[in-house]
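Q: just coords:
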């Protein structure tokens, strides 16, 4: 698959080019991936959803990414914001209480 072969390398190269010219770079996750390329440098991490933005400590966020697996959400959660909020709240609570678990 072409993406698996060249995707991460292309993202790293583009990031290096853009960050050599600009002081601030915004990297947006895609395809529901929270971090499209794990070696990119983050000064700030902002999680967004309809009507909300959550700021995370970048170092802690990267550490959690290295150690935690996040189960995929079922379609019914994506169609029902109350269920989605409940599932994400459980995940955030688990992360805060047991970082890296």
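A: Yep, it's here. Just so you know, these numbers come straight off a predicted model, no measurement behind them.

Q: quick one: contacts of the biggest helix by length in the chain?
A: As assigned by DSSP state H, the longest helix anywhere in the chain is helix 2-21. Here helix 2-21 makes contact (Cβ atoms under 8 Å, 6 or more residues apart in numbering) with 25, 27, 36-37, 39-41. (Each C-beta comes from the backbone N, C-alpha and C, glycine too.)

Q: next one: residue 50 from residue 39, what distance?
A: Residue 50 is 30 Å from residue 39, where distance means Cβ to Cβ, to the nearest Å.

Q: about what we covered before: may I see the buried residues of the longest helix of the chain?
A: Buried residues in helix 2-21, counted by 16 or more other Cβ atoms under 10 Å: 11, 15.

Q: now the next helix or strand after it: average pLDDT?
A: Per DSSP states H and E, the first helix or strand lying C-terminal to helix 2-21 is strand 45-49. The pLDDT scores in strand 45-49 average 81.

Q: and strand 45-49, which strands flank it?
A: For strand 45-49, the pairing partners within the sheet under DSSP bridges are strand 52-56 (antiparallel).

Q: quick check: next helix or strand after the strand it pairs with?
A: Proceeding N to C from strand 52-56, the next assigned helix or strand is helix 58-67, under DSSP H and E.

Q: re earlier: which of the contacts of helix 2-21 count as buried?
A: Of those, these count as buried by 16+ other Cβ under 10 Å: 27, 37, 40.

Q: want to throw these into a markdown table with pLDDT?
A: A markdown table is the format used below for the buried ones among the contacts of helix 2-21 (pLDDT from 0 to 100):
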| residue | pLDDT |
| --- | --- |
| 27 | 82 |
| 37 | 76 |
| 40 | 79 |
